[in-house]
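Peer 1: 3D model of this:
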Amino acid sequence: MHTDTDFGLSGRERLEQAIRSGEIDTIIIAIADMQGRLMGKRLTGDYLLRSGLDKGTHFCVYLLGTDMEMATPDGYALMNWGTGYGDWLAKPDWSTLRFIPWLERTALVLADAVDERTGDLIPIAPRSILKNQLEKAEKLGFHFKMASELEFYLFRQTFEEVQNGGYMGMKPAGYYNEDYNLLQGTRNEPVYRLIRNSMIEAGIPIESSKGEACSGQHEINMMYADALTSADRHVIFKHGAKEICMQTGYAITFMAKPHHQWTGSSGHLHISLWDISQERNLFYDPDGKPYHMSELMESFLAGLLAHTREFCLFFASNINSYKRYAPESWAPVSVVWSHDNRTSGYRIVGDKNSLRIESRIPGADINPYLAYAAMIGAGLQGIKYKTSLPAEFKGNAYTAKGVPRVPRSLYEAMELWRESRVVRDVFGGLVTDHYYNMARVEQHAYDTVVTNWERARYFEQG
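Peer 2: Model prediction:
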């Protein structure tokens with residue numbers, strides 16, 4: 001079995017050995033695009049040995065300025081027909097190197113998007129955005145640990161069968177509520193087990209998997225790590241789970257709301273704040289009240305509450321994301337905090353070194369680099385300005401009155417993002433404008449399409 005510890009910081013040397021021995025013949029160099037998908041190239045081992053392992057590979061700048069269908073829309077300052085769509089460099093981060101057990105003799109390394117001329121990170125690249133927030137935190141003496149929980153739907157159909165059926169009549173791989181139900185989970189255990197064990201072998205430690213609150217819906221929890229490592233694992237997990245399902249005749253979706261009658265799929269994020277030595281959880285205070293929360297934790301949480309609405313474009317980036325937010329749906333609608341209360345947007349869980357904040361705001365469709373960066377950026381604002389923490393909400397947060405609400409649509413989130421001074425302070429004008437344009441493009445694409453719902457409602461009676 002191979003894990004990421006096989007490579008560690010000496011990844012290049014270990015990879016060279018593996019190529020020369022024939023253990024590896026293909027190396028994937030990948031970046032995450034704005035939508036959180038892995039894009040890149042498959043390089044041959046022979047080429048890497050001949051050219052050296054340091055430089056990386058070029059990619060067209062348009063990869064960080066497309067929509068879901070890889071169109072090249074207007075409105076992006078850094079990439080357009082006027083600039084000629086040149087190249088940036090995908091520079092490997094060798095600490096991310098790992099064997100990919102579900103692909104034959106293949107390794108994968110994640111890369112940073114870099115300006116080859118200057119060596120600078122491309123500021124609008126998702127991984128750059130997270131690294132920027134982590135650098136700010138490090139200057140303050142902070143280190144973040146994070147983890148992702150991802151829910152998804154499994155289908156006893158291939159991706160091609162679902163697509164050829166017009167995404168109608170989809171068949172989830174189950175026929176009753178699967179939440180914690182071991183019997184229903186057993187029906188699909190062969191593929192769930194394959195995903196769990198393949199991820200572990202690829203250096204992505206998995207805690208557990210369990211049935212979720214709808215037919216064919218499941219959840220897999222990844223172990224916590226430092227924020228960048230967890231985000232890297234998150235994007236590889238989603239990509240790899242889809243590849244494994246392709247190979248086994250299944251389809252899987254991380255859409256926030258695949259069907260209006262089904263429970264939405266969440267992407268809960270856990271975060272704690274540590275000192276630079278990673279020896280002490282700075283959220284924990286043995287004398288802190290309530291729940292042993294330190295003043296630092298209270299300020300961080302207050303920053304999250306104060307800025308969730310403005311930052312929601314990074315928590316819910318597409319049209320479908322907002323259809324998940326519905327009362328009594330297990331997805332929050334109220335931006336409040338509570339202790340161990342699943343109706344709230346933010347839940348306080350754990351104790352001592354495990355004391356942490358769980359954000360229930362994101363769906364499983366998030367780009368983790370952006371969502372992690374937004375959590376960290378909002379929380380650091382709370383620390384910077386010593387924002388006061390509102391009182392804990394107790395009871396059913398779906399019925400809460402007079403509290404901030406998650407935006408109801410991408411339209412609302414876009415306007416909050418564009419008008420926010422804090423968004424520009426945290427991410428800078430270039431990033432702010434770039435991702436506003438991403439949302440604008442997505443909203444425009446949706447607004448121009450006539451749906452089956454409209455035809456059924458208005459064709460005869462309209």
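Peer 1: run a quick neighbour tally on residue 95.
Peer 2: Counted with other CB atoms under 10 Å, residues neighbouring residue 95 total 16. Placement of C-beta: from N, CA and C, glycine included.
Peer 1: actually residue 193, not the one I typed
Peer 2: Neighbourhood size, residue 193 [other CB under 10 Å]: 11.
Peer 1: for residue 174, see how far away it is.
Peer 2: Between residue 193 and residue 174 the computed distance is 16 Å (CB to CB, to the nearest Å).
Peer 1: so who does residue 303 touch?
Peer 2: By CB atoms under 8 Å, 6 or more residues apart in numbering, residue 303 lies in contact with 378-385, 387.
Peer 1: what pLDDT is listed against it?
Peer 2: pLDDT, residue 303: 98.
Peer 1: please apply the same query to residue 53.
Peer 2: With respect to pLDDT, residue 53 scores 70.
Peer 1: check which helix or strand it maps to.
Peer 2: According to DSSP states H and E, residue 53 maps onto no helix or strand at all.
Peer 1: the nearest residue to it once chain neighbours are set aside: neighbouring residues, count only.
Peer 2: With sequence-adjacent residues excluded and distances taken as CB to CB, 6 or more residues apart in numbering, residue 53 is closest to residue 12, at 4.6 Å. If you count neighbours by other CB under 10 Å, residue 12 ends up with 17.
Peer 1: show me the shaky parts of the chain.
Peer 2: Counting by pLDDT under 70, the chain contains low-confidence ranges at 1-10.
Peer 1: so which residue is dead centre in it?
Peer 2: For the chain, the residue nearest the mean C-alpha position is residue 368 (2.4 Å; CA atoms, centre = their mean).
Peer 1: from the contact counts, what lies against the longest strand anywhere in the chain?
Peer 2: In the chain, ranked by residue count with DSSP state E as the criterion, the top strand is strand 142-155. If you count contacts as 3 or more CB pairs under 8 Å, 6 or more residues apart in numbering; DSSP states H and E, strand 142-155 packs onto helix 126-139, strand 217-222, strand 225-226, helix 227-248, strand 251-253, strand 269-275, helix 368-384.
Peer 1: out of these, indicate the one that is most buried.
Peer 2: Using mean count of other CB atoms under 10 Å, the stretch among the helices and strands packed on strand 142-155 with the largest mean neighbour count is helix 368-384, at a mean of 25.
Peer 1: kindly export that helix (C-alpha atoms) in PDB.
Peer 2: Listed next in PDB are the C-alpha coordinates belonging to helix 368-384 (Å, rounded to 0.1, in the frame of the first residue of the first chain):
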ATOM      1  CA  PRO A 368     -12.900  23.900  -0.900                       C
ATOM      2  CA  TYR A 369     -10.100  26.400  -1.500                       C
ATOM      3  CA  LEU A 370     -12.600  29.300  -1.800                       C
ATOM      4  CA  ALA A 371     -14.800  28.100   1.000                       C
ATOM      5  CA  TYR A 372     -11.900  27.500   3.400                       C
ATOM      6  CA  ALA A 373     -10.500  31.000   2.500                       C
ATOM      7  CA  ALA A 374     -13.800  32.600   3.100                       C
ATOM      8  CA  MET A 375     -14.100  31.000   6.600                       C
ATOM      9  CA  ILE A 376     -10.600  32.000   7.500                       C
ATOM     10  CA  GLY A 377     -10.900  35.500   6.100                       C
ATOM     11  CA  ALA A 378     -14.200  36.200   7.800                       C
ATOM     12  CA  GLY A 379     -13.000  34.800  11.100                       C
ATOM     13  CA  LEU A 380      -9.800  36.800  11.000                       C
ATOM     14  CA  GLN A 381     -11.800  40.000  10.500                       C
ATOM     15  CA  GLY A 382     -13.700  39.200  13.700                       C
ATOM     16  CA  ILE A 383     -10.300  38.800  15.500                       C
ATOM     17  CA  LYS A 384      -8.900  41.900  14.000                       C
END
